[in-house]
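**Student:** When you get a sec, could you give me coordinates for this:
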Amino acid sequence: LRTQINNTLEEIDTRRLLSSPLTRYSAFGRATYNIADNVSLFAQGTFVNSEIWATGPPTPVTSPAVPRNPALEPAAFRALLDSRPLPNAPYRLTEVAKYFPNRTSENETQLFDFSAGLEGKFPNSDWTWEAFTQYGDTTVLTNFVGFLWDERRVAFVQAPNFGKGFSMPATAGSSVILHCTSGFPIYEPYTVDASGQIHYASGFELSQDCIDAVAANQTQKNKVKQRIFETNFQGKILDLKSGELRGAFGATKRWDQSSFRPDPLYTSAVAAGGETDVKEIYGEILLPVTKKFELELGVRRSDFQTVG
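**Tutor:** Numbers count the residues shown, from 1 in each chain. Sure thing, here's the model as predicted:
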């Protein structure tokens with residue numbers, strides 16, 4: 001809590017959430033078709049879409065070389081600046097940009113998985129088998145909203161009247177012009193209501209073009225793909241005095257690929273990706289040593305090839 005200008009208490013940041021809202025939709029389906037008495041064709045699919053939204057604190061920022069503007073400076077702060085050996089020199093300003101929307105991240109995940117194959121039983125035994133292929137695809141989009149393009153923000157803050165009516169090209173030589181109608185409320189007294197909305201004592205309203213001019217919204221993408229070809233067999237090998245000796249055998253070929261694509265503005269990470277190709281065979285037995293004691297034994301051989 002902190003004291004507002006009207007001597008009431010306010011929460012530090014009422015625009016943040018105690019929990020992250022989550023919306024999820026999922027669907028599943030499976031179909032089976034009997035080709036013969038001991039052979040069936042099957043197919044199944046799963047789709048999941050989820051969205052989760054999280055909010056962070058306002059952005060802390062520092063503006064170097066802010067020029068003096070006595071008409072907009074609070075009296076106590078103006079007196080402090082005037083007391084310096086060089087009273088008219090620019091100053092360094094560090095603040096929390098509460099006038100800008102809170103930083104948020106919006107994560108959207110889409111998962112698709114489909115498999116199809118054959119399954120059946122061997123005649124005159126309890127041995128079963130299956131052979132199938134599986135395709136999986138997961139995409140995660142992360143949208144970063146409310147982040148500031150600091151170079152642009154500093155340029156507007158250093159402009160007269162904290163950017164009010166100021167225009168500048170988006171980049172050197174660009175035909176895209178950024179404009180800020182209202183300027184930024186660096187020293188505007190304000191209160192925050194229960195819903196987190198800011199109300200300025202002077203009636204100031206931050207114009208949308210100022211927000212758009214310094215916004216650095218970003219999107220990054222994670223993608224994972226998987227392909228599987230697999231066959232499995234299981235059943236009774238023979239009868240022992242202590243029970244059935246059972247076994248399971250199979251082979252798998254699996255291919256995985258992943259990629260990460262950050263937004264060009266997200267300088268803390270670089271694009272990355274890779275893939276793995278795996279071939280495996282395995283065998284397992286269930287060995288009844290006595291009627292009350294049994295052993296499970298298995299062996300697996302894996303061959304990995306990794307790229308990336």
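
**Student:** which residues in the stretch 51-200 of the chain form helices?
**Tutor:** Taking DSSP state H, counting those that start in this stretch, the helices of the stretch 51-200 of the chain run over residues 75-82, 150-158.

**Student:** which stretch among those comes nearest residue 271?
**Tutor:** helix 150-158 (22.7 Å; CB to CB). To be clear about C-beta, it is placed using only N, CA and C from the backbone, and glycine gets the same treatment.

**Student:** And the closest one, what's buried?
**Tutor:** 152-158 (16 or more other CB atoms under 10 Å).

**Student:** swap in stretch 103-113?
**Tutor:** By 16+ other CB under 10 Å, the buried positions in stretch 103-113 come out as 103-105, 107, 109, 111, 113.

**Student:** Repeat that for stretch 250-262.
**Tutor:** Those would be 250, 252, 254, 256-262, for stretch 250-262 by 16+ other CB under 10 Å.

**Student:** tell me the mean pLDDT over that stretch?
**Tutor:** When pLDDT is averaged over stretch 250-262, the result is 96.

**Student:** Run through who's touching it.
**Tutor:** Residues outside stretch 250-262 that contact it (CB atoms under 8 Å, 6 or more residues apart in numbering) are 218, 220-233, 269-282, 308.

**Student:** hmm, back to that, pLDDT and distance to residue 121 added to the buried residues of helix 150-158, as CSV?
**Tutor:** Shown next, in CSV, are the buried residues of helix 150-158 (pLDDT from 0 to 100; distance: CB to CB, whole Å):
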residue, pLDDT, distance to residue 121
152, 93, 69
153, 93, 70
154, 94, 73
155, 94, 74
156, 94, 74
157, 93, 76
158, 93, 79
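
**Student:** right, and the pair among those residues with maximum separation?
**Tutor:** By the measure CB to CB, 152 and 158 form the most distant pair in these, at 10.9 Å.

**Student:** what about residue 53, neighbour count?
**Tutor:** Burial of residue 53 is recorded as 16 neighbouring residues (other CB atoms under 10 Å).

**Student:** got a pLDDT number for it?
**Tutor:** 89.

**Student:** Isn't it up against residue 19?
**Tutor:** No. Between residue 53 and residue 19 there is no contact under CB atoms under 8 Å: 10.5 Å.

**Student:** gap between the closest residue to residue 199 other than its chain neighbours and residue 66?
**Tutor:** Residue nearest to residue 199 in three dimensions, not counting chain neighbours: residue 191, with 5.2 Å by CB to CB, 6 or more residues apart in numbering. Here the distance between residue 191 and residue 66 works out to 25 Å (CB to CB, to the nearest Å).
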